[in-house]
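Trainee: Show me how the following folds:
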Amino acid sequence: MRRPVFAKSTTLLDNPHALEGKLARYLGARWGESVQVHGLTRFHGGAARETFRFVAEAGHGSKALVLRRDPASSLIRTSRAAEFHVLVRTFAAGLRVPEPLYLETDDIAFGAPGFIMAEVAGGRAAGIFEDDPYGPARCETGEALFTQLGRLHALVPDAADRAALPVHDAAARLAHWKAEVQAHATRPEPVAKAAIRWLERHVPQSSGPPALVHGDFRSGNFLVDDDAKLLAVLDWEMAHVGDPMEDLAWAMDPLWGHGKLELAAATLPRDEAITRWEAASGRRFAADAWNWWRLFAGVSGLAIWISSSFEVASHRTVDPVMIFAGFYPYRFHNAQVARLLAELAA
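Mentor: Next up is the predicted model:
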C-alpha cells in the first residue's frame, strides 16, 4: 500500500533557529542595526494562520513581537495584505487591536506571506471548553466587547477599504460559503445543503449601510487580562465589507457560549449586548433578519469545519487543531443547524 504523503509545512519548527535568523536579518535591515531574536514559540489556538511570538533585541532595547503568516494548509484561504490593512485601519481608529508593524506579501522574509505586529502583553484567550472564562467580571467583559464591536461597525468603509477587502452583501456571503461546501465536502451534507436552500429563498434586505465586518468575532478571538478586562480583538483574516449582523450572529452563536445559552459569548444577556452594540455603532438591530443570520452563522461554521476535514482527508495536514475542527465543532453545528431548520419550519 502506498503511504500517504503529508504536505511539508514551512513552519521551520524543526529548526526554530532558522526562522529566528530570518526575523533577525529582516528587522536588522528595517531598523538599521544588529538584531538578535530569541524565544520563538508558536501559538496553537487556531489553524487559519501560523502565529509566533518572539523577542527582538537591538541597541535601542527589546521588543515583544508577533509574526502571523500563511501555513502550508489552512481552514480558510485569506489574504495577509487584507488582514494587515484592516489592522492598520482599526488601530488608527483607536480600537483595541495589536499594533501592525511590517507586511511582506512574498515568502522571502518570513518563509511565507505574513506580517509582524506588536505583542499584547498579559492577555489570554478563552478556550472553547472553559465553563466560565470571565468569571464575576463577565458583564464588564461583555460591555467592553460589544462596545468594541459597535465601534468597528461605526467606521464607514472608504475607497481603500473596498480596494483591500472583499465586499459581500448577504447573498454574496452565502454564495461564498456554499462554494466552500461544494468544493470540500467529502460525504453527503444534507443538513448544510437544506439550510443553504432555505437561506437562498429568504435572503434579507441589508440591515443598513455596509460596514467593516470582522468575520470571526467570537470568544477565543479576543484577549483579556487576569481580571477579564478586554485587551485586544485578534484574528482579522476574515474581515470584509458587509452587513454587521453577520458579526453579531457569529459572536452569539451557541458554539462560542461556553454552555451559557442565555448569554452572548458567555458575557452579557443578549438584549444587553445588543443595546451596547447599538449605542456604540449608531445602528439598529435587524430583528426581522435575525433568524436568517443565526442560520447563516451555523452554515458558515459548517463550511469551515467541512473544509478542515477536507484538508486532513487530503493528507495536507496533521495539525491537531484541524483534525479537532472536523469533529466536535462540525457535529455541534450540524445539530445546531438542524434544530434551527426545524424551528423555522414549525
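
Trainee: Can you pull out the low-pLDDT segments for the protein?
Mentor: The model of the chain has pLDDT under 70 over residues 1-15, 44-48, 72-77.

Trainee: mind checking the longest helix of it?
Mentor: Counting residues, the longest helix found in the chain (DSSP state H) is helix 290-313.

Trainee: what's that helix packed up against?
Mentor: Applying 3 or more CB pairs under 8 Å, 6 or more residues apart in numbering; DSSP states H and E, one finds that helix 290-313 contacts helix 170-184, helix 190-201, helix 245-251, helix 320-325, helix 328-345. In short, each C-beta sits where N, CA and C put it, glycine included.

Trainee: which one of those helices is the most hemmed in?
Mentor: Mean neighbour count (mean count of other CB atoms under 10 Å) peaks for helix 245-251 among these, with a mean of 26.

Trainee: Which SSE is immediately downstream of that one?
Mentor: strand 263-264 (DSSP states H and E).

Trainee: Direction included, what does that following strand pair against?
Mentor: strand 268-269 (antiparallel) (DSSP bridges).

Trainee: Contacts for the host helix or strand of residue 21 next, please.
Mentor: Per DSSP H and E, residue 21 falls inside helix 16-31. The contact list for helix 16-31 (CB atoms under 8 Å, 6 or more residues apart in numbering) reads 11-12, 34-38, 40, 52, 54, 56, 58, 60, 67, 102, 104, 109-111, 116.

Trainee: Recalculate using a threshold of 10 Å.
Mentor: Residues outside helix 16-31 that contact it (CB atoms under 10 Å, 6 or more residues apart in numbering) are 10-13, 15, 33-42, 50, 52, 54-60, 63, 65, 67, 69, 101-102, 104, 108-111, 116.

Trainee: ok, of these, which come out buried?
Mentor: Among these, the ones that count as buried by 16 or more other CB atoms under 10 Å are 10-12, 35, 37, 40, 50, 52, 54, 56-58, 63, 65, 67, 69, 101-102, 104, 109-111, 116.

Trainee: closest one to residue 95 among the helices and strands packed on helix 290-313?
Mentor: Checking those against residue 95 by CB to CB gives helix 245-251 as the closest, at 13.2 Å.

Trainee: Show me what that closest one is packed against.
Mentor: Where contact means 3 or more CB pairs under 10 Å, 6 or more residues apart in numbering; DSSP states H and E, helix 245-251 is packed against helix 138-154, helix 170-184, strand 211-213, helix 270-281, helix 290-313.

Trainee: Can you check which of those gets nearest to residue 128?
Mentor: Per CB to CB, nearest to residue 128 of the helices and strands packed on helix 245-251: helix 290-313, 12.3 Å.

Trainee: In that closest one, which residues are buried?
Mentor: Neighbour count says helix 290-313 has 290-312 buried, by 16+ other CB under 10 Å.

Trainee: Would you mind getting the angle between the longest helix of the chain and helix 190-201?
Mentor: 140 degrees (axes from the mean of the first three to the mean of the last three CA atoms, to 10 degrees).

Trainee: gap between residue 105 and residue 84?
Mentor: The gap separating residue 105 from residue 84 is 9 Å, by CB to CB, to the nearest Å.

Trainee: what about stretch 147-157, distance to the chain center?
Mentor: 16 Å (CA atoms, centre = their mean, to the nearest Å).

Trainee: what helix or strand does the most centrally placed residue in the chain sit in?
Mentor: For the chain, the residue nearest the mean C-alpha position is residue 216 (3.8 Å; CA atoms, centre = their mean). Using DSSP H and E, residue 216 sits in no helix or strand.

Trainee: Kindly report the same for residue 68.
Mentor: Element membership for residue 68, per DSSP H and E: strand 61-69.

Trainee: same for the helix or strand just after that strand, what does it pack against?
Mentor: Remark: after strand 61-69, the chain's next helix or strand is helix 80-92, criterion DSSP H and E. Counting contacts by 3+ CB pairs under 10 Å, 6+ apart, helix 80-92 packs against strand 61-69, strand 100-104, strand 114-118, helix 138-154, helix 159-164, strand 211-213, strand 230-233, strand 240-242.
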